[in-house]
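Enquirer: what's the 3D shape of this:
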Amino acid sequence: MKLITFTHHNKTRVGAVVDGLVIDSKNNTKIPATMLEFLSAGEPALKAMQQQIDSGNNRLALAQVKLHAPVPRPGKYLGISLNYADHIAETGLAKPEYPSFFTKQASCVIGHGDAIHRPKVSDKLDYEGELAFIIGTRCRHVPVDKAAQMIAGFTIANDVSVRDWQFRSPTFTLGKSFDTHGPLGPWLVTSDDISDPHNLELKTWVDDELRQSGNTRQMIFNCYEMIAYLSQAMTLEPGDVICTGTPSGVGVSMTPRGYLKPGQTARIEIKEIGTLVNPVIAEP
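Expert: Coordinates of the predicted model:
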């Protein structure tokens, strides 16, 4: 199931996408209005959405709606750094002994089609195409072999980074959290529709130039290991977003630097999920 958060006629709610059409949850009181509420409701909400799909009612064309990030304001947005060997090689840094996480502030989140701003304070604007997963069950101290059950689904992330600001702090937080620098989407694909999250092709283009081409099987720490590690320290909650790292090909490692410029478009494709597209503009 492809779950979305969308706006139609100035009303924002949760829906699904089937065969290129939006399944509208309008007037269905069994389907919560926000994705956080939907994920927290668990199986009853999923069953209600499936019934809505099966009814054949309330269809809209994708062009009629405004897509938002599947979870527009997650409680936590965590990213892992240096999780692909080829990306580690291009940075010249050492392979981490433990998973190394940073925080992206939730105010950075935007959706498919929204503009990434090149900030007024820096021209070192970079992209990172990534698989992200979204927590569906409140959990703590999760063993690796139970971690898959905690995931509601998967989406595409662009871990946009302002490189000079990123390296001003060992936590990376400021350089990872500028407004508009957390594109997510275009939808959340539920776990049952992903054959293997650790064998998905990932590609990133800037305009028509292929910059990144990798596969999630190259991750050093997989999704389940990340959940097990993080949940030793904190309670993970429905709607929390965790990005799983990026393969090689980021702009900062190119010669000359391949930073994003206004007028360009970043496009990330992950097999079995879809394509996340965001234009780049100068910060208004």
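
Enquirer: C-alpha from now on. contacts and neighbour counts both.
Expert: Will do.

Enquirer: OK, contacts around Ala94?
Expert: Ile88 (CA atoms under 8 Å, 6 or more residues apart in numbering).

Enquirer: for it, grab phi and psi.
Expert: phi -80, psi 150 (degrees, to the nearest 10).

Enquirer: quick one: it from Cys243, how far?
Expert: Separation of Ala94 from Cys243 (CA to CA, to the nearest Å) stands at 20 Å.

Enquirer: ok, Leu125 next?
Expert: From Leu125 to Cys243 the distance is 18 Å (CA to CA).

Enquirer: looking at these two, which is more packed in?
Expert: Cys243 (27 against 24; other CA atoms under 10 Å).

Enquirer: and the more buried one, how close does it get to Gly42?
Expert: If you go by CA to CA, the gap between Cys243 and Gly42 works out to 22 Å.

Enquirer: same question for Cys139.
Expert: In terms of CA to CA, Cys139 sits 14 Å off from Gly42.

Enquirer: neighbour-wise, which of those two wins?
Expert: Using other CA under 10 Å as the criterion, Cys139 and Gly42 rank with Cys139 on top: 18 against 14.

Enquirer: so where do the strands sit in the stretch 101-250 of the chain?
Expert: With DSSP state E, counting those that start in this stretch as the criterion, the stretch 101-250 of the chain has strands at 109-110, 116-118, 125-126, 129-135, 151-158, 161-162, 182-190, 201-206, 209-215, 241-243.

Enquirer: now distance to His9 and mean pLDDT too, for these, in JSON lines please.
Expert: Below are the strands of the stretch 101-250 of the chain laid out as JSON lines (distance: least, CA to CA, whole Å; pLDDT from 0 to 100):
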{"stretch": "strand 109-110", "distance to His9": "20", "mean pLDDT": "98"}
{"stretch": "strand 116-118", "distance to His9": "25", "mean pLDDT": "98"}
{"stretch": "strand 125-126", "distance to His9": "34", "mean pLDDT": "98"}
{"stretch": "strand 129-135", "distance to His9": "28", "mean pLDDT": "98"}
{"stretch": "strand 151-158", "distance to His9": "25", "mean pLDDT": "98"}
{"stretch": "strand 161-162", "distance to His9": "34", "mean pLDDT": "98"}
{"stretch": "strand 182-190", "distance to His9": "19", "mean pLDDT": "98"}
{"stretch": "strand 201-206", "distance to His9": "32", "mean pLDDT": "98"}
{"stretch": "strand 209-215", "distance to His9": "36", "mean pLDDT": "98"}
{"stretch": "strand 241-243", "distance to His9": "28", "mean pLDDT": "98"}
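
Enquirer: need these in a markdown table (columns: distance to Gly263).
Expert: Output for the strands of the stretch 101-250 of the chain, formatted as a markdown table (distance: least, CA to CA, whole Å):
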| stretch | distance to Gly263 |
| --- | --- |
| strand 109-110 | 18 |
| strand 116-118 | 10 |
| strand 125-126 | 13 |
| strand 129-135 | 19 |
| strand 151-158 | 17 |
| strand 161-162 | 17 |
| strand 182-190 | 17 |
| strand 201-206 | 10 |
| strand 209-215 | 14 |
| strand 241-243 | 26 |
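
Enquirer: tell me which of these lies nearest to Phe172.
Expert: When the strands of the stretch 101-250 of the chain are compared by CA to CA, strand 161-162 sits nearest Phe172, at 9.0 Å.

Enquirer: which residues does that closest one contact?
Expert: With contact meaning CA under 8 Å, 6+ apart, strand 161-162 is reached by 122-128, 175-178, 181.

Enquirer: what subset of those is buried?
Expert: Buried by 16 or more other CA atoms under 10 Å: 123-128, 175-178, 181, out of the contacts of strand 161-162.

Enquirer: which one of the residues you listed is nearest to Asn58?
Expert: Nearest to Asn58 among these is His181, at 33.0 Å by CA to CA.

Enquirer: so who does the closest one touch?
Expert: Applying CA under 8 Å, 6+ apart to His181 gives the contacts 108-110, 116-117, 158-161.

Enquirer: one more time with 7 Å
Expert: Taking CA atoms under 7 Å, 6 or more residues apart in numbering, we find His181 in contact with 108-109, 116, 159-161.
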